[in-house]
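Asker: all I have is the shape, not the residue letters:
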């Protein structure tokens, strides 16, 4: 559980609660797994956008100040 970003589980449970209100035919287990997939997909899209528009800091030279 430590590999998830901060606020991950809050987003999952908030999304599951929203799904349960919007779709009463879902039970708690189905809503949980559907919400988890939705949050994972959203995070993957954000990471993809971030990697496309921000320069890679690995390739950026570091500025070193002399003492």
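Answerer: Thanks, I have it. Since we're looking at a predicted model, the values are computed, not measured.
Asker: ok, now which ones touch residue 28?
Answerer: 16, 20 (C-beta atoms under 8 Å, 6 or more residues apart in numbering). C-beta coordinates here come from the backbone N, C-alpha and C atoms, glycine included.
Asker: at 10 Å what do you get?
Answerer: Residues in contact with residue 28 (C-beta atoms under 10 Å, 6 or more residues apart in numbering) are 16, 17, 19, 20.
Asker: most neighbours out of those, which is it?
Answerer: Greatest neighbour count in the contacts of residue 28, by other C-beta atoms under 10 Å, goes to residue 16: 22 neighbours.
Asker: please, where are all the helices along the chain?
Answerer: Secondary structure of the chain, counting by DSSP state H: helices at 8-22, 28-53.
Asker: buried residues in the last one?
Answerer: Judged by neighbour count (16 or more other C-beta atoms under 10 Å), helix 28-53 contains these buried residues: 31, 32, 35, 36, 38, 39.
Asker: now the shortest one
Answerer: When neighbours are counted by 16+ other C-beta under 10 Å, the buried residues of helix 8-22 are found to be 11, 12, 15, 16, 19, 20.
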